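Asker: When you get a sec, could you give me coordinates for this:
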Amino acid sequence: MTTRPERVSADEVKQRMLDAGRELALEAGAALTIERLLLEEVIQRARVPRSSAYRQWAHREDYIDDLLCYLAGPGSWFSDRPVLAPDTVIVAQRILDDNKALMAAPEGRRALLHEVARIAVERNYEALTSSAPWRLHMALEVTLGSTRSGEARRRIAAALEDAQQVSRESMVAMLGYVIGRLGMRLRDPAYSLDHLVLAGGLLIQALAMRNVQVQTAAGEPGSGDGEDSAASPGAIAAAARVNELLNAPIPGPGLTGQPAPWSLVALAYLGVVDAFIEPDPDFVPPVG
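Answerer: Numbering: from 1, shown residues only. Predicted coordinates:
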């Protein structure tokens with residue numbers, strides 16, 4: 001008896017094809033390889049009828065445009081999360097709850113803000129560095145101008161911005177919660193938390209991208225490079241030096257007044273925070 005072909009709705013065909021393209025792009029490890037994806041390869045991975053796929057996309061270029069928009073928007077790293085390690089908010093709450101005595105003085109509240117920033121930024125930086133979907137998202141941003149043109153480019157750019165807006169709004173909400181509990185305020189009425197989040201977020205992402213680059217060049221474990229690397233010894237040594245600058249602990253402010261180990265990215269982010277935020281002199285700490 002002949003097996004009847006699986007019936008798949010048009011919507012499911014589209015979703016399976018987009019998810020399959022995303023899987024193949026992540027496996028390839030670079031957004032530019034999306035341009036070389038074969039539609040037949042995607043169909044095989046998606047396990048959908050060939051005729052149904054071509055009914056959705058008569059031309060391969062149309063599928064690539066839709067896939068890039070999906071990767072930039074609903075299928076992006078930013079689509080279902082803020083730019084945070086999953087437990088960052090819980091850790092920040094714990095820091096505040098465990099050090100309520102410091103709330104009595106402006107210096108103590110500022111120290112708590114610094115500690116939350118130190119922990120949150122380091123977790124965020126590590127999460128970004130190790131995330132293949134995030135690297136794919138950033139590659140889409142970097143290569144946008146050279147991969148597509150016209151209406152497709154505008155659609156992809158809009159999808160990228162929509163996905164990042166969700167992340168920014170989550171970060172603004174978290175930061176608003178922290179500075180509200182700590183009795184902090186913006187230094188100037190012209191400033192906003194959106195300014196701080198945008199500047200700080202771009203700083204973290206830029207350093208995370210540099211971290212990915214130098215770890216790969218230095219042949220760090222998990223970077224994909226090893227003894228067969230064609231890089232010169234001088235280039236490897238230079239990358240190792242930048243890797244050390246990025247990731248070796250350096251002294252910064254601690255909760256107890258003594259120096260604490262900070263990463264470069266967290267200390268740099270602290271400069272952004274201190275440029276925008278200060279203790280509110282009219283804040284009355286909660287009792288108990």
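Asker: pLDDT below threshold where in the stretch 101-250 of the chain?
Answerer: 145-149, 218-231 (pLDDT under 70).
Asker: And the helices in it?
Answerer: Under the criterion DSSP state H, counting those that start in this stretch, the stretch 101-250 of the chain contains helices at 106-129, 132-147, 150-182, 193-218, 233-247.
Asker: Report all helices and strands that the first one contacts.
Answerer: This points to helix 106-129. Under the contact criterion of 3 or more CB pairs under 8 Å, 6 or more residues apart in numbering; DSSP states H and E, helix 106-129 touches helix 88-98, helix 150-182, strand 184-186, helix 193-218, strand 260-262, helix 264-276, strand 277-279. Placement of C-beta: from N, CA and C, glycine included.
Asker: Export the ones you listed to CSV and append columns for distance to residue 249.
Answerer: CSV is the format used below for the helices and strands packed on helix 106-129 (distance: least, CB to CB, whole Å):
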stretch, distance to residue 249
helix 88-98, 18
helix 150-182, 23
strand 184-186, 26
helix 193-218, 15
strand 260-262, 4
helix 264-276, 9
strand 277-279, 24
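Asker: Please dump these into TSV; it should also carry mean neighbour count and distance to residue 65 for every row.
Answerer: TSV is the format used below for those (neighbours: other CB atoms under 10 Å; distance: least, CB to CB, whole Å):
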stretch	mean neighbour count	distance to residue 65
helix 88-98	15	35
helix 150-182	17	4
strand 184-186	19	41
helix 193-218	18	25
strand 260-262	17	44
helix 264-276	19	35
strand 277-279	19	42
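Asker: Quick one: closest of those to residue 57.
Answerer: helix 150-182 (13.1 Å; CB to CB).
Asker: Run the angle between the closest one and helix 106-129 for me.
Answerer: Put simply, helix 150-182 runs at 150 degrees to helix 106-129, going by axes from the mean of the first three to the mean of the last three CA atoms, to 10 degrees.
Asker: Give me the pLDDT for the residue lying closest to residue 199 once chain neighbours are set aside.
Answerer: Once flanking residues are discounted, residue 199 sits nearest to residue 272: 5.3 Å by CB to CB, 6 or more residues apart in numbering. On pLDDT, residue 272 comes in at 97.
Asker: Make sure residue 272 is actually in contact with residue 203.
Answerer: Yes - under the criterion of CB atoms under 8 Å, residue 272 makes contact with residue 203 at 6.4 Å.
Asker: Contacts only, for residue 213.
Answerer: With contacts defined as CB atoms under 8 Å, 6 or more residues apart in numbering, residue 213 is in contact with residue 239.
Asker: picking that back up, between the helices of the stretch 101-250 of the chain, which one is closest to residue 12.
Answerer: Evaluated over these, closeness to residue 12 peaks at helix 150-182, with 21.3 Å, by CB to CB.
Asker: The closest one to helix 88-98, inter-axis angle?
Answerer: Between the axis of helix 150-182 and that of helix 88-98 there is an angle of 10 degrees, by the same axes, to 10 degrees.
Asker: CA-only coordinates of stretch 36-45 in PDB, if you can.
Answerer: Listed in PDB are the C-alpha atoms of stretch 36-45, where the atom choice follows Å, rounded to 0.1, in the frame of the first residue of the first chain:
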ATOM      1  CA  ARG A  36      24.300  30.300  -0.300                       C
ATOM      2  CA  LEU A  37      21.600  28.200   1.300                       C
ATOM      3  CA  LEU A  38      20.000  25.800  -1.200                       C
ATOM      4  CA  LEU A  39      16.200  25.700  -1.100                       C
ATOM      5  CA  GLU A  40      16.300  21.900  -1.600                       C
ATOM      6  CA  GLU A  41      18.500  21.600   1.500                       C
ATOM      7  CA  VAL A  42      16.100  23.600   3.600                       C
ATOM      8  CA  ILE A  43      13.100  21.600   2.300                       C
ATOM      9  CA  GLN A  44      14.800  18.300   3.200                       C
ATOM     10  CA  ARG A  45      15.600  19.700   6.700                       C
END
